[in-house]
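Asker: Next one to model:
(one chain, ligands or ions: 2)
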Amino acid sequence: MAQLTRSPKVYDVCIIGSGASGGTAAKILTEGGLNVLMLEAGPPVNPDKDFKEHVWPYQLPHRGVGVGGKAADNFGEFLAPNGAWEIEGEPYTVATGSRFRWFRSRIVGGRTNHWGRIALRFAPVDFKSRSTDGMGDDWPITYEDVAPYYDKVESYIGVFGTKENVSSAPDGVFMPPPKPRCTENIIKKACDKVGVICIPSRLAVITQPHNGRAPCHYCGQCGRGCISASNFSSSQVMIPYAEKTGRFTLVTGAMAREIVVGKSGKAEAVSYIDKATRTEKKVFAKAFVVGASACESARLLLNSKSSQFPDGLANSSGVIGRYLTDSVGASGGGVFPQLTKMPAHNHDGVGGMHMYMPWWKFDRKNDFLRGYHIEFGGGRNLPGVGDFHSLCEYTEGYGSSLKQRCRESYGTYIGFAGRGEMIPNEQSYCEIDPNTVDEWGIPVLRFHWQWSDNEIKMAKDMQETFRAITEAAGGTYYSRATPDGPHPYGIEDGGVIIHELGCVRMGSNPKTSALNGYCQAHDMKNVFVTDAASFVSNPDKNPTLTIMALTWRASDYLMDESKKGNL
Ligand SMILES: Cc1cc2nc3c(=O)[nH]c(=O)nc-3n(C[C@H](O)[C@H](O)[C@H](O)COP(=O)(O)OP(=O)(O)OC[C@H]3O[C@@H](n4cnc5c(N)ncnc54)[C@H](O)[C@@H]3O)c2cc1C
Ligand code: SF4
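Answerer: Ligands and ions are numbered 1, 2, ... in the order given. As a prediction, the model looks like this:
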């Protein structure tokens, strides 16, 4: 039978989740002098043991694809630990007629242990979308409000890039970027021919010694974690600094179930499941920072029901779960004859692209609203899980002739992936599934999803652009995308790009938003939701840099308000 254990200690702040958001809050609040307790659903991480950065395929059973190739779907067994599309015992459901996938990590540092490290600022226009084209909503804050915090985050975590003065992709505080590789030079020249801007990418990888961290040694395996902490993870770059203050308590294996409102009408505790003992426990705090990742944060609030908040904590507006978006994603790639003839050469670099294409058609009228950027990669990297799958699909044969073809094709392919803005719609949201609980007895989320014509037109444009760039470089373009079916023009299912966000959005009107511009709940002054749930729109930029900037800003505000006795 579940036991209720009451802890008498009252912390200044309880943070839920240790990823990009929770980790940032922990560092800022503890260094600011507050006593912080963090609840993290997963186990601790030990980079020396858990990160597989320098493991060779032959050192793992099945060369890293798992039994029956199952791990390939989760980016392979090399991935920094504990991230998956499905978590045993912790399901989610998808409504009939919808297609949605949810990638979660249960470990200290969350998904920052294996994110792609693409660290892009939102542009001024991204905060003002409704004023610009009449769709979606404006944020209650502007680029100018967030810019000082982008500066702080970039300066602290280390981001490489170059100043380019492209209005859709604001410059930041950058370290020098690595040199373009051969494949990147080929694509850059083709982009120049077809009028697409191609510039050094912006990644949270340090290219110079920084705050005691060694610079990148270009092993190219960032998704496996980085033992030398040369790329950013919350587990290595945020949490240890919170721990150093002596004001930080981390409780792992602690799955928050509910934020409890006390007799005073304020949030006073979090009730959580201690996974090791399967008992329910409570921790008390004066303020709460929810950073469990966008949809988990929405789930926690929706499950926090009381007589004061029958529809979930801080949900008098009814918006929690609504306005869910992901990036528009479509991909394709080309085979390039000049690469076939390329002698073996050093292709070392960071574990991601050295160049990318920011949104370049911001100065004209397009067939769709908003925009997308393009990520690309290929060449002579260490072959990854499933690298030769498509070769086997496109050609017949086996044995030595197949191996020969693999050798010939290795390094000749360059893939493109578009990442575009989805405009929130009524049909895309998450809610509590009344019929399903996880193994801890906590009700789970049910997802509803629909792309609109705008996103499908964007995916079409992506395919046309990938083809144009490939052909301008003399390559042959391959894509399975067709105009119809469940994935028109190759558009991915909702959630697949892992930029799901927006379901506890901020706004200036408490009737149409759950949070104010400081990520503070309109209905509950001592509750802050600092992850991407707070976003009002989902511009083409990957969200994590903005999550950290908003969390840093919210943490500063929380400390000020706490000093003033306003929480
Ligand atoms: C393979 C991959 C590549 C990516 N590439 C990029 C990229 O290049 N650029 C980019 O900007 N973004 C990228 N992302 C997305 C990025 O990882 C996320 O935006 C970011 O990690 C979100 O931070 P977060 O703090 O909101 O949540 P997470 O990092 O997901 O952390 C949430 C933490 O909360 C914990 N938690 C959840 N529920 C509870 C609960 N009830 N109680 C206690 N703890 C809980 C989880 O265990 C987890 O540790 C990528 C993601 C993946 C998986
Ligand atoms: S490429 Fe650089 S940052 Fe990435 S894992 Fe290797 S050393 Fe670390």
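Asker: okay, Asp126: pLDDT?
Answerer: At Asp126, the pLDDT value in this model is 98.
Asker: show me where the stretch 401-550 of the chain has helices.
Answerer: 453-472, 544-563 (DSSP state H, counting those that start in this stretch).
Asker: Make a markdown table out of those helices and add distance to ligand 1, mean neighbour count and mean pLDDT.
Answerer: Every C-beta, even on glycine, is put in place using the N, C-alpha and C of the backbone. Shown next, in a markdown table, are the helices of the stretch 401-550 of the chain (distance: least, Cβ to the nearest ligand atom, whole Å; neighbours: other Cβ atoms under 10 Å; pLDDT from 0 to 100):
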| stretch | distance to ligand 1 | mean neighbour count | mean pLDDT |
| --- | --- | --- | --- |
| helix 453-472 | 18 | 21 | 98 |
| helix 544-563 | 3 | 23 | 98 |
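Asker: residue nearest the centroid of this structure?
Answerer: For the chain, the residue nearest the mean C-alpha position is His499 (5.0 Å; Cα atoms, centre = their mean).
Asker: Run a quick neighbour tally on the nearest residue to that residue once chain neighbours are set aside.
Answerer: Spatially, and ignoring its direct neighbours in sequence, His499 is nearest to Ser327 (4.3 Å; Cβ to Cβ, 6 or more residues apart in numbering). As a burial measure, Ser327 scores 28 neighbours (other Cβ atoms under 10 Å).
Asker: re earlier: adding distance to Pro44 as columns, could you present the helices of the stretch 401-550 of the chain in CSV?
Answerer: Converted to CSV, these look like this (distance: least, Cβ to Cβ, whole Å):
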stretch, distance to Pro44
helix 453-472, 39
helix 544-563, 21
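Asker: of these, which approaches Lys341 most closely?
Answerer: Each of these has some distance to Lys341 by Cβ to Cβ; the shortest is helix 453-472, at 17.3 Å.
Asker: For that closest one, what is the distance to the chain centroid?
Answerer: 23 Å (Cα atoms, centre = their mean, to the nearest Å).
Asker: contact partners of it?
Answerer: 187, 190-191, 193-194, 196, 328, 330-334, 336, 366-370, 372, 374, 414, 416, 418, 420-423, 476-477, 479, 481, 483, 488-491 (Cβ atoms under 8 Å, 6 or more residues apart in numbering).
Asker: Now the residue nearest to the centre of the chain: phi and psi?
Answerer: phi -120, psi 40 (degrees, to the nearest 10).
Asker: For it, give me the pLDDT.
Answerer: His499 is given a pLDDT of 98.
Asker: near ligand 1, which residues of this protein?
Answerer: 16-22, 39-42, 75, 83, 103, 105-107, 110-112, 114-118, 254-256, 291-293, 296, 300, 498, 531-532, 542-544, 547 (Cβ under 6 Å from any ligand atom).
Asker: Could you list which of those residues belong to helices?
Answerer: If you go by DSSP state H, the residues of the chain next to ligand 1 have Ala20, Ser21, Gly22, Glu296, Leu300, Thr544, Ile547 in helices.
Asker: Tell me the buried residues in the helix or strand of the chain with the lowest mean pLDDT?
Answerer: In the chain, no helix or strand scores lower on mean pLDDT, DSSP states H and E than helix 389-394, which sits at a mean of 74. Residues of helix 389-394 classed as buried by neighbour count (16 or more other Cβ atoms under 10 Å): Leu391.
Asker: Equivalent analysis for stretch 243-260, please.
Answerer: Applying 16+ other Cβ under 10 Å to stretch 243-260 flags 245, 247-250, 252-260 as buried.
Asker: Ok, stretch 262-270 next?
Answerer: For stretch 262-270, by 16+ other Cβ under 10 Å, it's Ala267, Glu268, Ala269, Val270.
Asker: Pull the contacting residues for the residue nearest to His499.
Answerer: Going by Cβ under 8 Å, 6+ apart, the list of residues near Ser327 reads Arg419, Gly420, Glu421, Met422, Ile497, His499, Asn538, Asp540, Asn542.
Asker: Specify which member of those is nearest to ligand 2.
Answerer: Asn542 (16.6 Å; Cβ to the nearest ligand atom).
Asker: distance of that closest one from Ser534?
Answerer: In this view, Asn542 and Ser534 are 16 Å apart by Cβ to Cβ, to the nearest Å.
Asker: okay, the two: which has more neighbours?
Answerer: Neighbours were counted for Asn542 and for Ser534 using other Cβ under 10 Å; Ser534 has more, 34 against 22.
Asker: so what's that one up against?
Answerer: Val504, Arg505, Met506, Leu515, Cys519, Leu550.
Asker: sorry, back to before: what residues are up against the residue nearest to the centre of the chain?
Answerer: Thr325, Asp326, Ser327, Arg419, Ala532, Asn538, Asn542, Pro543.
Asker: same question, Ala123
Answerer: Tyr143, Ser167, Ser168, Ala169, Pro170, Pro539, Lys541.
Asker: Among the contacts of His499, which one lies nearest to Ile227?
Answerer: When the contacts of His499 are ranked by distance to Ile227 (Cβ to Cβ), Asn542 comes first, at 23.8 Å.
Asker: looking at it, the closest one is touching Gly116, isn't it?
Answerer: Yes. Between Asn542 and Gly116 there is a contact under Cβ atoms under 8 Å: 7.2 Å.
Asker: so Val260 sits in a helix?
Answerer: No. Assessed with DSSP: H, G, I helix; E, B strand; the rest coil, Val260 is strand; it does not lie in a helix.
Asker: Not counting residues beside it along the chain, what's closest to it?
Answerer: That would be Ala269: by Cβ to Cβ, 6+ apart, it lies 4.4 Å from Val260.
Asker: Which residues does the one you found form beta bridges with?
Answerer: Val260, Phe284 (DSSP bridges).
Asker: any idea how far it is from Phe447?
Answerer: The gap separating Ala269 from Phe447 is 29 Å, by Cβ to Cβ.
Asker: same thing with Asn509?
Answerer: 26 Å.
Asker: Comparing those two, which residue is more hemmed in?
Answerer: Phe447 (24 against 10).
Asker: just to revisit the earlier point, with secondary structure and neighbour count as new columns, can the contacts of Ala123 be given to me in a markdown table?
Answerer: A markdown table is the format used below for the contacts of Ala123 (DSSP: H, G, I helix; E, B strand; the rest coil; neighbours: other Cβ atoms under 10 Å):
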| residue | secondary structure | neighbour count |
| --- | --- | --- |
| Tyr143 | helix | 17 |
| Ser167 | coil | 12 |
| Ser168 | coil | 22 |
| Ala169 | strand | 25 |
| Pro170 | coil | 20 |
| Pro539 | coil | 28 |
| Lys541 | coil | 26 |
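Asker: now these in TSV, with distance to ligand 2 and pLDDT?
Answerer: As requested, the contacts of Ala123 are exported to TSV (distance: Cβ to the nearest ligand atom, whole Å; pLDDT from 0 to 100):
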residue	distance to ligand 2	pLDDT
Tyr143	29	98
Ser167	30	96
Ser168	27	97
Ala169	22	98
Pro170	24	98
Pro539	26	98
Lys541	21	98
